[in-house]
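Peer 1: Turn this into a model:
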Amino acid sequence: MARDLTKHIADHDNPNSRQHEIDKAQKKVRQETHYEQAPAIEVKAGGGILDGIFKSPTKGFCFRVTKGEARRAKDDAAYTKEIIKASKARCRYKRLRVRDGKTRKDYGHYQHGAVSLITTAPPWAVPTLARIGKSELEDLMLHLAGQVSREVEEASGRESGGGGVHLDTEVPHLHHHIFKISKDGEAYPKSSFLTAGPWTCGAARINDKFPGLLSENKVKLLEANLARKRVENLIDLRCAKRVDRELEKWIKERGGLWEQYQKDCESYRKAKTRAQKEEGKKRLMQASLSHFAKTEVWPLAAHMMTAGMMRMVPKEIRPAVFLAIRAQQIIRRPVSTLVRIGISEMLKLGKEPAPLSQSGH
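Peer 2: Coordinates of the predicted model:
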């Protein structure tokens, strides 16, 4: 995903800035409500199958890119100020326009002279990355940052000024600051810098790594999305696939990590398969929770909560959820509910052996 490099975006891309902390807090609030007045079913990165948050010894850091090589910035705040200034400076570009049959030189103007491109590590590699030490992890992320910069330049001719590495998240990711205009003032063609979007990009990566894992409908949707644009110009997809290749190459060279990485991939495949089978139930569960939040009535929830869905209710609210269901049923239909409970108890008693007669007959 690429976004115009505004001051807000540049501050967010610095993982040690105040703005980044504010944005994370706001995102947490949005996720808790799921954009509805209802308790949200917990959604984790990578299709709802990662447990916990990536445990990193550092929040992250900013980096600069020089000739395709990424180096850690000495001062994150200073780098952020410089890239904001560079984005403002590279807004004006040269162009040729035909007027009255004559070709004239002219100038165009972008609101922002750079974009922020996000590239994530593959979700199945997160457990492996969590086992890497601090200094080695930083070196790896800088290596991947350099690879992404080269991929962008090879695909579109655009250069990267630097970016930020974010490690305080469920899936480590990179932000690259890509210029729209060359140093000579020439605008790069927009047609060579297209994006596929988060879902298409993620589905394509999964389909490449685990052929046959995605459902038939998802594969058809993926193919339809990719057919709309020239795949060779989809920058986010190209960068993501390069990260996947380079990461596997890096892990394989270290020997000891490779066997565990293979196990992590297999665990991801199994969990993703299970998650896809539960998608329909999860949607029904969310509908039940939404129904209660909007109407304060639980009949729909009571019917939808089958044994297979009970475990999808977060453990911390599970007792309260089922207590609320029973309470609402009794309050709304006190007579019928109490009669049904009474009959059920009588039937249970009826199955017990009859007591011996006290009359002597």
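Peer 1: Going by C-alpha atoms from here, please, whenever you check contacts or count neighbours.
Peer 2: Noted.
Peer 1: Point out where the stretch 51-200 of the chain drops to low pLDDT.
Peer 2: Regions of the stretch 51-200 of the chain meeting the criterion pLDDT under 70 cover residues 51-57.
Peer 1: burial measure for Gln262, as a count.
Peer 2: Gln262 has 14 neighbours, counted by other CA atoms under 10 Å.
Peer 1: try the one 10 residues further on
Peer 2: Applying other CA under 10 Å, we find 21 other residues in the vicinity of Lys272.
Peer 1: pretty sure Lys74 is in a strand, no?
Peer 2: No - in this structure, Lys74 is coil, not part of a strand, as judged by DSSP: H, G, I helix; E, B strand; the rest coil.
Peer 1: what ranges of the stretch 251-361 of the chain fall below the confidence cut-off?
Peer 2: For the stretch 251-361 of the chain, residues meeting the criterion pLDDT under 70 lie at 280-312, 325-361.
Peer 1: okay, stretch 63-81 in PDB with CA atoms only?
Peer 2: Extracted C-alpha coordinates of stretch 63-81, given in PDB (Å, rounded to 0.1, in the frame of the first residue of the first chain):
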ATOM      1  CA  PHE A  63      16.900   4.100   7.900                       C
ATOM      2  CA  ARG A  64      18.400   6.000   4.900                       C
ATOM      3  CA  VAL A  65      19.000   4.500   1.500                       C
ATOM      4  CA  THR A  66      22.000   5.300  -0.600                       C
ATOM      5  CA  LYS A  67      22.600   3.500  -3.900                       C
ATOM      6  CA  GLY A  68      20.300   0.700  -3.000                       C
ATOM      7  CA  GLU A  69      21.900   0.100   0.400                       C
ATOM      8  CA  ALA A  70      20.000   0.700   3.600                       C
ATOM      9  CA  ARG A  71      21.800   2.100   6.700                       C
ATOM     10  CA  ARG A  72      20.300   2.800  10.100                       C
ATOM     11  CA  ALA A  73      19.700   6.500  10.700                       C
ATOM     12  CA  LYS A  74      21.700   8.000  13.600                       C
ATOM     13  CA  ASP A  75      18.800  10.200  14.600                       C
ATOM     14  CA  ASP A  76      15.200   9.100  13.800                       C
ATOM     15  CA  ALA A  77      13.700  12.500  14.400                       C
ATOM     16  CA  ALA A  78      16.300  14.300  12.200                       C
ATOM     17  CA  TYR A  79      15.700  11.900   9.400                       C
ATOM     18  CA  THR A  80      11.900  12.400   9.600                       C
ATOM     19  CA  LYS A  81      12.300  16.200   9.300                       C
END
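Peer 1: distance between that stretch and the chain's centre?
Peer 2: Chain-centre distance of stretch 63-81: 25 Å, with CA atoms, centre = their mean, to the nearest Å.
Peer 1: repeat for stretch 122-138
Peer 2: Centroid separation for stretch 122-138 versus its chain: 17 Å, with CA atoms, centre = their mean.
Peer 1: Am I right that Lys105 is in contact with Arg99?
Peer 2: No - at 10.2 Å, Lys105 does not count as touching Arg99 under the criterion of CA atoms under 8 Å.
Peer 1: nearest spatial neighbour of His173, skipping sequence neighbours?
Peer 2: Thr120 (4.0 Å; CA to CA, 6 or more residues apart in numbering).
Peer 1: elements contacting the strand or helix carrying Arg238?
Peer 2: Secondary structure assignment for Arg238, by DSSP states H and E: helix 235-253. For helix 235-253, the packing partners by 3 or more CA pairs under 8 Å, 6 or more residues apart in numbering; DSSP states H and E come out as strand 114-120, helix 134-156, helix 198-209, helix 256-277.
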